[in-house]
Structures are given as structure tokens and as C-alpha cells.
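Visitor: A predicted structure for the sequence below; I have some questions about it.
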Amino acid sequence: MFDWDDLRIFLAVARARRVAPAARALGVDATTIGRRLQRLEQALGTDLFEMAAGERALTERGQVLLRHAESVESAALAAMEDVTGQQRRLSGQVRLSVAEGFGTWLLAPGIADFHAHHPGIRIDLITASGFLNPSKREADMAVMLARPQRGRLSVKRLGDYRLHLYAAPAYLERAGRPDSPSALRDHTLVGYVPEFIFSPELDYLDEVEAGLEANLRSTSINMQHRMVAEGAGIGVLPDFIAGHDPSLERLMGERIEITRSFWLVTHGDLRQLARIAAVATWLQERVQTLKPIDGPAPAR
């Protein structure tokens with residue numbers, strides 16, 4: 001039988017993925033963390049972690065233990081609440097993988113309010129190119145652009161968003177205003193780098209007009225927004241970014257409109273955890289702030 005308190009050590013390292021931050025969170029030294037983990041692995045007769053890219057990744061057996069350890073933690077917190085009659089404050093770490101635009105324009109404006117309501121929950125917002133995979137426990141949750149088809153996952157559709165063509169007045173004065181999708185072939189287009197499009201749902205230009213290619217390209221939607229705003233060219237941008245920018249005009253708004261969806265993906269073992277539920281509720285509230293936008297200037 002292992003020491004129950006070693007599960008607390010295990011959980012901290014599993015969530016932080018490194019010993020040093022886990023030690024700081026628990027208020028113990030790293031040597032103690034290492035010794036306790038070694039003791040737990042010896043008691044269970046299996047390796048719980050393996051090193052990957054400088055982090056401690058859970059092995060297959062480690063993932064099994066994590067599921068049970070989090071159940072033990074939830075039960076212990078619930079017991080304290082029942083015995084003391086005091087509602088427990090939600091705590092713990094949540095690693096959330098999101099697209100850069102979603103994180104910048106939807107989550108960042110609401111993060112202060114979430115933290116005020118749940119100061120004990122530590123959120124890691126990961127906006128690297130490509131989504132981390134909750135089924136492999138690379139992330140606890142992810143907001144994706146397409147519904148995953150496999151894996152032990154809980155999937156929920158958060159809502160839709162729309163995209164339109166946008167350009168700065170300075171560009172339109174210089175290059176003229178296109179009046180049809182085919183006319184875009186004579187304009188400078190801003191878009192993604194094709195070989196770095198991590199989701200087919202980001203391939204907008206071909207949906208506007210088959211064969212269109214961007215002249216100015218970036219893997220960052222925020223950089224694309226700035227290039228368009230500075231008059232570099234015409235780009236397909238989400239309304240929740242460009243629709244609030246008074247320096248941009250929407251083009252062919254009634255003829256060209258692209259709709260995409262946000263999907264909340266959570267590892268199946270985590271969906272019942274209180275902190276996960278709290279973040280899921282917050283994400284739903286943030287997506288509900290997306291409303292149809294007529295645009296900063298009349299569509300022409």
C-alpha cells in the first residue's frame with residue numbers, strides 16, 4: 001500500500017509537468033518531490049512519468065492513476081465541504097489550448113472577471129500553432145475549430161462565428177474596390193501560410209474563390225489583422241476581431257460570408273471535475289458575447 005499523501009505530490013507534478021513549479025505550489029523542496037515520486041512508483045511497481053521535451057509526461061499507467069487521484073481529490077474536497085458546512089473554493093490548474101485569435105480577442109478581455117470569481121484556479125492558455133490534444137493529456141481542454149472524431153473525449157459545440165473580407169480605406173483608395181470574388185485576383189491578399197495551416201477550417205481564400213492565393217502571409221491571425229489595418233491588402237478576418245476595428249471596411253458583406261464553429265473538447269476523465277466545469281461555463285459565456293456585427297462601416 002502506498003502513502004495517500006504521495007497522491008498529492010503526484011497530482012502536482014502531473015499538472016505542472018515539471019518538478020520545480022510543483023515544489024513551489026506545494027511549499028516543499030524539489031528533492032522531496034523526487035523522493036516521494038520514486039517511493040510511489042516503487043509501491044505501484046510501474047513508471048508514472050517519462051521525460052519528453054523537458055517535461056514530465058504521464059505514461060499510460062500514469063494516466064490511469066491520474067484519473068483515480070483526481071477522483072480521490074474531489075472526494076476529499078467534497079468531504080471537507082460536507083463536514084464543515086463551508087463551500088470549498090475551487091482550485092487547481094487547467095491547461096487550455098486555444099487558437100490565438102480566440103485567446104486574444106475573446107478570453108483575454110474576460111480573464112480578470114474569471115480570476116476574481118475563481119482565484120484558486122490557475123489557467124494556462126496555450127496558443128501555439130496547432131491544438132494540443134486532450135485525448136493524449138497534452139491539455140486538459142481545447143477549443144477547436146472542428147469536432148474530433150476519435151479519442152476518449154467530451155465534445156460540446158460552443159457556438160458559431162462569422163468571417164468576412166476586410167480592407168483599410170487607404171488600400172481601397174490606392175488599389176480600387178473589388179466588386180466580385182473573381183476581381184480579388186487583381187488585388188493583394190493577406191492570409192495564412194499554406195504549409196502551416198494547422199486546421200482545414202482556416203483555409204478561407206479557396207472558399208471565397210477557387211484558386212485564390214495570398215501574397216502576404218502569416219501564421220498569426222493577429223499579424224494578418226494588423227497588415228490589413230495598415231493598408232497592405234485585403235484579408236478574410238473574423239468579425240469578432242475586424243468587426244470592432246473602425247479603421248476597416250467590410251467588403252461584399254452580403255455576397256461573401258464564411259461561418260465556422262468553436263468546439264469545446266475535454267478529456268473524458270476530467271469533465272466531472274469542478275474546476276473543469278467552471279472553466280467550461282466561462283468559455284460558454286465568452287462565446288455567447290459573439291453577436292452578429294453590422295460592421296464599422298456599411299458593407300459595399
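Guide: Arrived safely. Keep in mind that this is a model prediction, so the values were computed, not measured. Numbering: from 1, shown residues only.
Visitor: Direction included, what does whichever strand in the chain runs longest pair up with?
Guide: Once the chain is assigned using DSSP state E, the strand that runs over the most residues is strand 153-167. Strand 153-167 sits in its sheet next to strand 234-238 (antiparallel), strand 249-251 (antiparallel), strand 258-267 (antiparallel), going by DSSP bridges.
Visitor: how much distance is there from stretch 193-213 to the middle of the chain?
Guide: Here stretch 193-213 is found 21 Å from its chain centre; the criterion is CA atoms, centre = their mean, to the nearest Å.
Visitor: Compare the strands paired with strand 153-167 and give me the one nearest Met144.
Guide: Across those, Met144 has its closest neighbour in strand 258-267 (4.8 Å, CB to CB). For the C-beta atoms, the positions are set from N, CA and C on the backbone; glycine is no exception.
Visitor: List the buried residues for the closest one?
Guide: Of all the residues in strand 258-267, those buried under the rule 16 or more other CB atoms under 10 Å are Ile258, Phe262, Trp263, Leu264, Val265, Thr266, His267.
Visitor: give the contact list for the fourth one.
Guide: Read it as Leu264. Contact analysis of Leu264 by CB atoms under 8 Å, 6 or more residues apart in numbering lists Met141, Ala142, Val143, Val155, Lys156, Arg157, Leu158, Ala280, Leu283, Gln284.
Visitor: can you count the residues close to the fourth one?
Guide: When counting by other CB atoms under 10 Å, one arrives at 15 neighbours for Val155.
Visitor: I would like the residues contacting the helix or strand Ile111 falls within, please.
Guide: Following DSSP states H and E, one finds Ile111 within helix 111-117. Residues from elsewhere that reach helix 111-117 (CB under 8 Å, 6+ apart): Ile121, Ile123, Val279, Trp282.
Visitor: and the second one, what does it touch?
Guide: In this structure, Ile123 makes contact with Gln93, Val94, Leu96, Ile111, Phe114, Val279, judged by CB under 8 Å, 6+ apart.
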